[in-house]
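Chemist: using only what follows, build the 3D model:
(one chain, ligands or ions: 2)
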Amino acid sequence: MRFMLTEALQPGMRVGRDIIFGKNASMLYKGTLLTEKYITRLCNGGYYGVYVTDPFSEEVEYGEVVDQRLYQKGVEAVEAEDIGSIMDVAAQIVSNLLKEEEVALDLFDLRSYDTYTFYHSMNVAVCSAAVGRKLELTEEDLNILCLAALTHDFGKRRVPKEIINKRGKLTDAEYEEVKKHPSYTYDMLYQNPNIPAKVRQAVLCHHENENGSGYPFGKAGDEIPLFAKIIHAVDVYDALTSKRSYKEPYPAANAFEYLIGGKNILFDEKIVDTMLTVIPMYPPGTEVLLSNGEKALVVAHSAEPDRPIIKVFETGVLVNLEIDSHYMDIYVVKSGAVLTDYVNKVEQLNENRGAKNWKRETIMVVDDSAMSLASVEKILGEEYHVCTFTSGVDAICYIKENGSPDLIIMDIEMPGLNGMDTIRALEKRGNLSAPFIFFTATCDREVVILCKELGAVDYIVKPVRPVYLAERVAIALKRYRDV
Ligand SMILES: [Fe+2]
Ligand SMILES: [Fe+2]
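Modeler: Ligands and ions are numbered 1, 2, ... in the order given. Sure, this is the predicted structure:
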């Protein structure tokens, strides 16, 4: 069985895993022969991909903790805000997990993006409980964690849909409204005496960041309850790996890159490390491209998250990347759909944004290292207009003459005028109207406080991780993106 993008499906292929169709929840059962009609329905329904079976992928091994029926039950309970059923589903997820000796969440869920919120809550619940189990929480606590995860975004429905789905930048008032959703959830749950206080605390803090930059309170480190930390990291992981109106899903490995980049800044390090042990970086059935140019299918995981067991497409040979001596220096460079380039990325991007009236945002990057500038340009250049400067003085001159960019990325440690002084100088002259992000090589408490005092929207620790940088830039420009 392997995961295949909807665009790549061909009539005659067989469904490898039950698919729930749309809101009326009809099923397309495992083993069904795909016809042109089914494929069109899957495409139109917003499905990113499905599992199919073929002789090549016979060896693929996977574990299923939650079957599609329980999934469906959970989705319906969340949609109906039916606390009784939600508690049942939570108990069932936990009991399923406790039965397994080693938990691995191998399968992508097969959802369409129309039903994002309800599926999202169910995914977050399953992953959170799996992380909780690995952390050896008691059964009672796992139930609480699961209940909190299933209800965490209830309050979102009180936020106007236009704001949640808005593509452009949010206004101050709109952003303030988004930030209220955890408190709305808290209030909704407060009305039910059967819900433990720990659940309310967890939902209230599920957007708090380790460094205190989250909302609603700006709590940091140990002030954030453990269950909130788990839901927070899993929540972001699920948002990144889902198809949304403004983006294609990230492969699991890229989502992990974001989580790892955000360790100790956004996320608790221990939670991210635990997630890496229960959610595979390269789930079985995924296509991968290797550094030697070979393309392969992931068959199973090994003890090392980034060295799975694979089957090479061209030769059909099975290779365990963890131990095979011929592949010692070979690594996975890309995962997801690597066999075919289905869409021209830039074209697709412009189309998504309504190409005609879309203007590329300008990002100014100031860094004394030419190598660092080149790598940032490579990461952001396709999507934005990037202008680079090697000194603060040059950047100040540019802004004076050409006006403000849409975002500034400023290295702190530079000879001559350092990044913080450059920002101060721009501010003094009244030339600082763009949001700015700092690059820093050291991330101690002092630097963090200084960044905050100066009004930086974010800081990024070097060496830069491409996915982390791209996503933080998108968030800074829009202010909020559902991660
Ligand atoms: Fe949320
Ligand atoms: Fe969420």
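Chemist: please count neighbours and contacts with C-alpha atoms only from this point.
Modeler: Noted.
Chemist: Leu34: what's it in contact with?
Modeler: By C-alpha atoms under 8 Å, 6 or more residues apart in numbering, the contact set of Leu34 is Gln10, Pro11, Gly12, Met13, Arg14, Val15.
Chemist: for the second one, give me its contacts.
Modeler: Contacts for Pro11 were tallied using C-alpha under 8 Å, 6+ apart; they are Leu33, Leu34, Thr35, Glu36, Ile39.
Chemist: if I look at the nearest residue to it once chain neighbours are set aside, how far off is Met1?
Modeler: Nearest residue to Pro11 in three dimensions, chain neighbours excluded: Thr35, at 4.7 Å (C-alpha to C-alpha, 6 or more residues apart in numbering). Using C-alpha to C-alpha, to the nearest Å, one gets 18 Å for the distance from Thr35 to Met1.
Chemist: more neighbours: these two, which one.
Modeler: Counting neighbours by other C-alpha atoms under 10 Å for Thr35 and for Met1 shows that Met1 has the greater number, 24 against 15.
Chemist: how far away is that one from Gln72?
Modeler: In this view, Met1 and Gln72 are 22 Å apart by C-alpha to C-alpha.
Chemist: same question, Gly212
Modeler: To Gln72, Gly212 is 36 Å away according to C-alpha to C-alpha.
Chemist: looking at the contacts of Pro11, spot the one nearest Ile86.
Modeler: Comparing the contacts of Pro11 against Ile86 with C-alpha to C-alpha places Ile39 closest, at 32.4 Å.
Chemist: test my guess that Thr440 contacts Ile409.
Modeler: No. Taking C-alpha atoms under 8 Å as the definition, Thr440 is not a contact partner of Ile409, at 10.6 Å.
Chemist: so Glu162: helix, strand or coil?
Modeler: At Glu162 the chain is in helix, as set by DSSP: H, G, I helix; E, B strand; the rest coil.
Chemist: ok, now which ones touch the residue nearest to Pro11?
Modeler: Gln10, Pro11, Gly12.
Chemist: nearest to Val272 among the residues you listed?
Modeler: Closest to Val272, out of all of those and judged by C-alpha to C-alpha, is Gln10, at 37.4 Å.
Chemist: how much space separates the closest one from Glu314?
Modeler: Using C-alpha to C-alpha, one gets 20 Å for the distance from Gln10 to Glu314.
Chemist: ok, these two, which is more surrounded?
Modeler: Gln10 (12 against 9).
Chemist: show the pLDDT at the more buried one.
Modeler: Note on Gln10: pLDDT of 90.
Chemist: which SS class is it?
Modeler: The local conformation at Gln10, judged by three-state DSSP, is coil.
Chemist: from Glu383, how far off is it?
Modeler: The gap separating Gln10 from Glu383 is 32 Å, by C-alpha to C-alpha.
Chemist: what's the answer for Asn123, then?
Modeler: From Asn123 to Glu383 the distance is 30 Å (C-alpha to C-alpha).
Chemist: and if you look at Thr440?
Modeler: 23 Å.
Chemist: which one of the two is surrounded by more residues?
Modeler: Between Thr440 and Glu383, counting by other C-alpha under 10 Å, Thr440 is the more crowded of the two (21 against 18).
Chemist: need phi/psi at that one.
Modeler: Backbone torsions of Thr440, given as degrees, to the nearest 10, read phi -140, psi 140.
Chemist: just the contacts of Pro11 now: which is nearest Val78?
Modeler: Ile39 (28.2 Å).
Chemist: neighbours of the closest one, just the number please.
Modeler: 18.
Chemist: then Asn194?
Modeler: So Asn194, with other C-alpha under 10 Å, has 10 neighbours.
Chemist: and it, how far from Asp187?
Modeler: From Asn194 over to Asp187 the distance is 14 Å, taken as C-alpha to C-alpha.
Chemist: list the contacts of the closest residue to Phe313 other than its chain neighbours.
Modeler: Nearest non-adjacent residue to Phe313, counting by C-alpha to C-alpha, 6+ apart: Ala296, 5.0 Å away. Ala296 is in contact with Glu287, Val288, Leu289, Leu290, Ile310, Lys311, Val312, Phe313, counting by C-alpha under 8 Å, 6+ apart.
Chemist: tell me the SS of Ala296?
Modeler: With three-state DSSP as the basis, Ala296 sits in strand.
Chemist: Arg17 versus that one, what's the distance?
Modeler: 21 Å.
Chemist: so, low pLDDT: which residues of this structure?
Modeler: Where the chain drops to pLDDT under 70, the residues are 21-25, 108-115, 245, 340-358, 481-483.
Chemist: the domain parsing of it - what is it?
Modeler: 2-57, 68-278, 286-351, 359-478 (automatic domain parsing).
Chemist: please, where are all the strands along the stretch 251-400 of the chain?
Modeler: 287-290, 295-300, 309-312, 318-320, 332-335, 362-366, 385-389 (DSSP state E, counting those that start in this stretch).
Chemist: save those strands as CSV, and put in distance to Lys247 too.
Modeler: Shown next, in CSV, are these (distance: least, C-alpha to C-alpha, whole Å):
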stretch, distance to Lys247
strand 287-290, 20
strand 295-300, 24
strand 309-312, 28
strand 318-320, 33
strand 332-335, 17
strand 362-366, 20
strand 385-389, 19
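Chemist: so which of those is nearest Ala476?
Modeler: strand 362-366 (11.2 Å).
Chemist: mind listing what that closest one pairs with, with the direction of each?
Modeler: Applying DSSP bridges, strand 362-366 is found paired with strand 385-389 (parallel), strand 407-411 (parallel).
Chemist: many thanks, I have nothing further to ask.
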